[in-house]
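S.K.: got a predicted structure here, sequence first:
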Amino acid sequence: MYQLIVFGPPGVGKGTQAELIAKKLGLSHISTGEILRKAVSDGTELGIKAKAIMDIGNLVPDEIMNGIVKEALAGSSENGFILDGYPRTVEQARALTYTFSELNMGEVTVINLIADDEEITQRLLKRGRTDDTRETIANRLKVYYKSTEPVKQFYTELGIVKDIYGVGDVDEISKLLLEELH
Ligand code: AMP
């Protein structure tokens, strides 16, 4: 049973690593960005609301995200889950702690992926998602440092963060990450 959070700035490789680890360990990969993009392409009420926010690189309100994640966790694999892109605010981290206790879930491990701003900006520009324009990337990084980075401190104080350098060969990084979990 694995209960993981993959954390780090936009473009650090959270999605790539989460997908590999989920496949390898048979976990539910819960990507809040993917859930929102699906809602946008399905044209749901959530999608319509989220699109305008995502297009400029701001954050979708906490109460919406908390509800989405609670539902996804309740339906996750018995092998466990890997959360990718959540929590992104200290408020979301607090709500997640509460959800864990409501669902009788135990300890979580936070994998903190590290890369510098120049590296991640270049990666995002190459990726070319609709929210990967220079302007939106700059705002997403600003939002990350202001609202999301404090989440790292929240978990560091609980002693559950593992730092992994996220630059280099994807499979090598994945191997390092798996070693940290065993
Ligand atoms: P991502 O795919 O994780 O880069 O997420 C893409 C966009 O979805 C972000 O820039 C936010 O606008 C939105 N988003 C994803 N996850 C969250 C979250 N936990 N809280 C608020 N907004 C989110």
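M.R.: Thanks, I have it. Residues are numbered from 1 along each chain as shown.
S.K.: what ranges do the strands span in the chain?
M.R.: Remark: strands assigned in the chain by DSSP state E are 2-7, 28-31, 80-84, 109-114, 161-165.
S.K.: mind putting those strands in JSON lines, mean pLDDT included?
M.R.: Shown next, in JSON lines, are the strands of the chain (pLDDT from 0 to 100):
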{"stretch": "strand 2-7", "mean pLDDT": "98"}
{"stretch": "strand 28-31", "mean pLDDT": "98"}
{"stretch": "strand 80-84", "mean pLDDT": "98"}
{"stretch": "strand 109-114", "mean pLDDT": "98"}
{"stretch": "strand 161-165", "mean pLDDT": "97"}
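S.K.: dump those to TSV, plus mean neighbour count and distance to E91.
M.R.: C-beta: built from backbone N, CA, C; applies to glycine. Shown next, in TSV, are the strands of the chain (neighbours: other C-beta atoms under 10 Å; distance: least, C-beta to C-beta, whole Å):
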stretch	mean neighbour count	distance to E91
strand 2-7	23	15
strand 28-31	20	18
strand 80-84	23	15
strand 109-114	20	17
strand 161-165	15	19
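S.K.: got the ones you listed as CSV, with distance to the ligand columns?
M.R.: Output for the strands of the chain, formatted as CSV (distance: least, C-beta to the nearest ligand atom, whole Å):
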stretch, distance to the ligand
strand 2-7, 10
strand 28-31, 6
strand 80-84, 7
strand 109-114, 12
strand 161-165, 18
